[in-house]
Structure formats: C-alpha cells, structure tokens
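>>> no letters, just coordinates:
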DNA sequence: TCCATATTTCCAATATTATGGAAATATGAT
DNA sequence: ATCATATTTCCATAATATTGGAAATATGGA
C-alpha cells in the first residue's frame, strides 16, 4: 500500500459519523446492512449518510450490493487489513522484532452471524 | 480509548504531510528530531510544518522536548499503540478469535539507534 | 546589551469537507 | 401507467483545514 491510499483510508475513518458507520458495518458482517437501517442506527438524514457512505466507498473501505430497491453496505475487510498492515509497517517501527519483511498483520475475519 | 480520541488520532494521520512527518519520527527513534531537520526532510516552510506538528501534538501522537533553542519532536509510541488497539477492537471484528477481551494488540517498541 | 538561531504565532487567502432539503433515479408492486 | 419505497444526486450554506509570509517569542553567545 502506498501513502496516498493510506491517506484516503485514514481520511475516510477520521470523521466521527463515518467511523461509527464503519464500526457498525464491521460488526454487522459480510451480508451487509441496508442504507436506511444505517441511517436509523445513526439518526442521520439520508442525504448526509449517503455522502459519508460514498466517501467510505471511494476509499475502498466499504462495498455495496443492490437487492431489489435496497442497497446493502458492508465493510471491506481486506481493505482494512491493508491499512492495518501499512500502519504496522510504517508507523509502528519495532513491532514484529523489527524485521520489515515479517511484519505481516494477522488476517481479519468476518463475524459469524 | 473512546471514539473522539480515535477520531483525533486518525485526523492527525489523515493528511499526507503529517503522515510523512509521523513515519519519519517513528523511524527516527526516541531521542527525536529537531523541527528544522523535519522541515528540511519534507521541504516544507517552517510555519506550515509547525502547524502540522501542533496538530500531531494535539492529537497526542508526538511529544517534544526543548534542548537549548531547538525543539526535538518524537513519536509517542504508546499513543499509536492505543490507536492500533482501538482499530483492532472496533474495526477488525474477528481478529484474535473474536473474543473481545483478548484482542489486545502486541506492544510497539522504539527502534534501536 | 545586541545579535544570531530555532521555532512558533498571527493573519489572510484559498481550498476542502460536512450538512440537509429538494429533486432525481431505480426498482418493484398493483 | 401509476404509485410507493429506497436511495442518490444536486445545490447552497456553513464549517473546518491548509498554506506561507511576516512578526513575535525563546534561547544562547559575544
């Protein structure tokens, strides 16, 4: 991961509403959550929520899939893994015995429903 | 760590100049680096650099210590550890066998000089 | 005291981000 | 076709962040 991608991901997560959305999606699992349900959970106007979801999507941290009229948003676990890897390698010097090539972070799995 | 502190830390790191400064400080080690040397490394005007350093300091990610006329900035490893812990617990559901109480991330150590 | 060095603070200009209502789009049902 | 539902896009407004020059502050030395 290069720095610009890391900055995008960090920017996406650096806003309270978006971080809350992302946390919610992470614990919601792979099947995802309808946009409306996210808005209800957060108490946000849908246009505002939509703006934040598109920021997260743009940064690659969430995906969405349509099913009828509803769009299911879900956390993109692999992207979060990449970010964790970037931070571990670049911002946590000393971790993993300081051998750069071995500082591969543990993989993230979706929660069981 | 609560969400507002996490948002502060993420905001501090979500800007390319600041992320670059922080990476530089992380690998520079505990003794820190004079502000001027950071500015030289980045090619930034000192007033701009000073602004970014204060953002990082405000977020708790860097410390500084004066020695004569020069201020040595250094990464605050423990704060970065806390952020990694927050992200691991809140944004990486499934890690560490999904047992919330056990998802304590490995500790970061400063690099040897 | 006066000067040089290191760095910050002040300030104004510019740029980017966040918000939410209203209109638009997409889909499915009757 | 018409209507209802789910969600986005558009737009204007407000808020916040970034930039860099100039002046201010802090420290040490002659």
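Okay, I see it. Quick caveat: nothing in here was measured; it's all calculated off a predicted structure.
>>> drop to CA atoms for contacts and neighbour counts, all remaining ones
Fine.
>>> in the host helix or strand of residue A:8, what's buried?
If you go by DSSP states H and E, residue A:8 is part of helix A:3-13. For helix A:3-13, a neighbour-count test (16 or more other CA atoms under 10 Å in any protein chain shown) marks A:5, A:6, A:7, A:8, A:9, A:10, A:11, A:12, A:13 as buried.
>>> return the member of those nearest to residue A:80.
residue A:9 (8.2 Å; CA to CA).
>>> ok, the closest residue to that closest one other than its chain neighbours - contacts?
The shortest distance from residue A:9 to any non-neighbouring residue, by CA to CA, 6 or more residues apart in numbering or on different chains, is to residue A:59 (5.3 Å). Residues counted as contacts of residue A:59 (CA atoms under 8 Å, 6 or more residues apart in numbering or on different chains) are A:5, A:8, A:9, A:12.
>>> make JSON lines from those and add distance to residue B:1 and pLDDT to it.
Listed next are the contacts of residue A:59 as JSON lines, based on distance: CA to CA, whole Å; pLDDT from 0 to 100:
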{"residue": "A:5", "distance to residue B:1": "25", "pLDDT": "97"}
{"residue": "A:8", "distance to residue B:1": "23", "pLDDT": "98"}
{"residue": "A:9", "distance to residue B:1": "20", "pLDDT": "98"}
{"residue": "A:12", "distance to residue B:1": "19", "pLDDT": "98"}
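>>> what does chain A have sitting close to DNA strand C?
Applying CA under 7 Å from any atom of the strand, one finds that chain A approaches DNA strand C through A:14, A:15, A:17, A:44, A:45, A:47, A:48, A:51, A:52, A:67, A:68, A:69.
>>> hmm, the first one is touching residue B:7, no?
By that I understand residue A:14. Yes - contact criterion CA atoms under 8 Å: residue A:14 and residue B:7 qualify, at 5.0 Å.
>>> and the angle from the host helix or strand of residue A:47 to helix A:3-13?
For residue A:47, the element it lies in under DSSP H and E is helix A:46-58. If you take axes from the mean of the first three to the mean of the last three CA atoms, to 10 degrees, helix A:46-58 sits at 150 degrees to helix A:3-13.
>>> go through helix A:46-58 and flag the buried ones.
Those would be A:49, A:52, A:53, A:55, A:56, A:57, for helix A:46-58 by 16+ other CA under 10 Å.
>>> can you give me the strands for chain A?
Ranges of strands within chain A are A:33-34, A:62-67, A:70-75, based on DSSP state E.
>>> closest one to residue B:81 among those?
strand A:70-75 (23.0 Å).
>>> low-confidence stretches in chain A?
Scanning chain A for pLDDT under 70 picks out A:94-113.
>>> one more time with 50, if that's ok
A:96-104, A:106, A:111-113 (pLDDT under 50).
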